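Student: Build me a model:
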Amino acid sequence: MPTLTNGYKSGNQLSARSVLIWRIVQTAVWLVGITIFISLVFFPDLGVLLFWNILIPVAPALIVVAVGVWRNVCPLASVALLPRHLGLSKKNKMPLHLHAKLSVVSVIALYLIVPLRHAVFNTSGHATAILLTIAAITGMTMGFIYDWKSAWCSSLCPVHPVEKLYGGNVLFSMPNAHCEQCVNCVIPCPDSTPNNHPKASQKTIYHKISGFLIIGGLPGFIWGWFHVPDESGVSSLSGVLDVYKMPLAGLAVTLILYIVLTKLLNKKYDRALTSIFAASGVSCYYWYRIPSLLGFGIFNKDGLLINLSNSIPAWSIMAITIITTLFFFWWILGRNNHHSSWVIRPEFAERENDNTQKTFAESIA
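Tutor: Residues are numbered from 1 along each chain as shown. Next up is the predicted model:
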């Protein structure tokens, strides 16, 4: 009988009890997601508050500290992987060229969707519900066609590029609560490859473009996004385009800075440079997001969770943002890299197949 170690059977397979626990957790998180979705439809103001001002502000920090947890419990991932769990997926292998192109599409989708929060999503629960519905249908449809996480979770999801950027120095690996066996649906697997980051695998020009855009562009994009106010009822094309000016200008500035630094610095500093831009991005996010949540934002009530502007001094908010900035730079850049993967790789579906092992080894060499 196989022995149990940290919830795993020999061969890195989760025990039946551990699977049950993770299914309960995944279901609970999915129910939270459904509750928020229902709120967006029937109680729009509450839904917007729950989704944009509670759930989303927590996500970047969770991805930095424990991206493996997020990969295990993300509600959209659970929906996208449902066909595979139910045995309904065709389990097709995604071609490398398609995965590469989708990796670029995911970054572009991130940069196109996020500014629209100012134009419509931040003030419209119904629009946000439609956005989530489109994402869920897209993810599930791809799950019917392609195997495991190759379609949505590791290619087209707009959050995945951020996961790769922010999740480059995890403290320890989480159990894999979705994949029963490794079938090499993505090579290298973003979940199971130690020290994963946007430049870890750049087999094609599309992989290089996606890595380049997310590393160099995200910090400036975030800075620019926070300098645009929410607009209620934007009715013209020019009004919609206005929400893109500052984010794209900021993106261009840090992208140029990244190009210059990569040209000036020796390639051995590439990994450190990626970490600096990652820490800068998430720190910039909370530098502006924490004040806006507590009533100290640039634009009055935009992004407000609870107004404490008359209850606590402004210097306390500055202290909090400085502390979070120092934490993220220490976590991403200052700590020793543990070279851990996001989750523990389950046993290969064909353990005796030397070619499978060789292909994986060559992909991360």
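
Student: So which bits of the host helix or strand of residue 326 are buried?
Tutor: Assigned by DSSP states H and E, residue 326 belongs to helix 314-329. Residues of helix 314-329 classed as buried: 317, 320-321, 324-325, 327-329 (neighbour count, 16 or more other CB atoms under 10 Å). (C-beta placed from N, C-alpha, C; glycine too.)

Student: Could you list the low-pLDDT ranges of the chain?
Tutor: The model of the chain has pLDDT under 70 over residues 1-13, 232-235, 350-365.

Student: residue ranges of the helices in it, please?
Tutor: Using DSSP state H, the helices of the chain run over 16-42, 44-50, 56-73, 75-80, 82-85, 96-113, 116-119, 125-145, 160-166, 205-225, 237-264, 270-293, 314-329, 354-363.

Student: How far does the second one sit from its chain's centre?
Tutor: If I follow you right, that is helix 44-50. Relative to the centre of its chain, helix 44-50 is centred 22 Å away, using CA atoms, centre = their mean, to the nearest Å.

Student: What is it packed up against?
Tutor: Applying 3 or more CB pairs under 8 Å, 6 or more residues apart in numbering; DSSP states H and E, one finds that helix 44-50 contacts helix 16-42, helix 125-145.

Student: Show me the contact partners of it.
Tutor: 35-41, 122-126, 128-129, 305 (CB atoms under 8 Å, 6 or more residues apart in numbering).

Student: Just the buried residues of the residues you listed.
Tutor: 36-37, 39-40, 122-125, 128-129, 305.

Student: Show me which of those is closest to residue 54.
Tutor: Closest approach to residue 54 among the buried ones among the contacts of helix 44-50 (CB to CB): residue 305, at 6.8 Å.

Student: who's in contact with the closest one?
Tutor: 49, 53-54, 57, 293-294.

Student: let's go with 7 Å and repeat that
Tutor: 53-54, 293 (CB atoms under 7 Å, 6 or more residues apart in numbering).

Student: And for residue 104?
Tutor: Applying CB under 7 Å, 6+ apart, the residues contacting residue 104 are 206, 209-210.

Student: how about a cut-off of 8 Å?
Tutor: Counted by CB under 8 Å, 6+ apart, residue 104 has contacts 206, 209-210, 213.

Student: and what of residue 246?
Tutor: Contacts of residue 246 (CB under 8 Å, 6+ apart): 224-225, 227-228.

Student: Mind putting those into JSON lines with neighbour count and distance to residue 263?
Tutor: Shown next, in JSON lines, are the contacts of residue 246 (neighbours: other CB atoms under 10 Å; distance: CB to CB, whole Å):
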{"residue": "224", "neighbour count": "22", "distance to residue 263": "24"}
{"residue": "225", "neighbour count": "23", "distance to residue 263": "27"}
{"residue": "227", "neighbour count": "14", "distance to residue 263": "28"}
{"residue": "228", "neighbour count": "20", "distance to residue 263": "31"}
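
Student: what's the closest of those residues to residue 142?
Tutor: Once CB to CB is applied, the member of the contacts of residue 246 that ends up nearest residue 142 is residue 225, at 27.7 Å.

Student: just checking, that closest one touches residue 116?
Tutor: No: Residue 225 is beyond contact range of residue 116, at 10.8 Å (criterion: CB atoms under 8 Å).

Student: show me the contacts for residue 115.
Tutor: Going by CB under 8 Å, 6+ apart, residue 115 touches 225, 228, 243-244, 247-248.

Student: now with 10 Å?
Tutor: Applying CB atoms under 10 Å, 6 or more residues apart in numbering, we find residue 115 in contact with 121, 221, 224-225, 228, 240-248.

Student: Considering the residues you listed, which possesses the most neighbours?
Tutor: Counting neighbours by other CB atoms under 10 Å, residue 221 comes out on top of those with 27 neighbours.

Student: got a list of what that residue touches?
Tutor: Neighbouring residues of residue 221 by CB under 10 Å, 6+ apart: 110-111, 114-115, 213-214, 246-255, 281, 284.

Student: What of residue 311?
Tutor: 294-295 are the contacts of residue 311 under CB under 10 Å, 6+ apart.

Student: Check the gap between it and residue 289 for me.
Tutor: Taking CB to CB, to the nearest Å as the measure, residue 311 falls 19 Å from residue 289.
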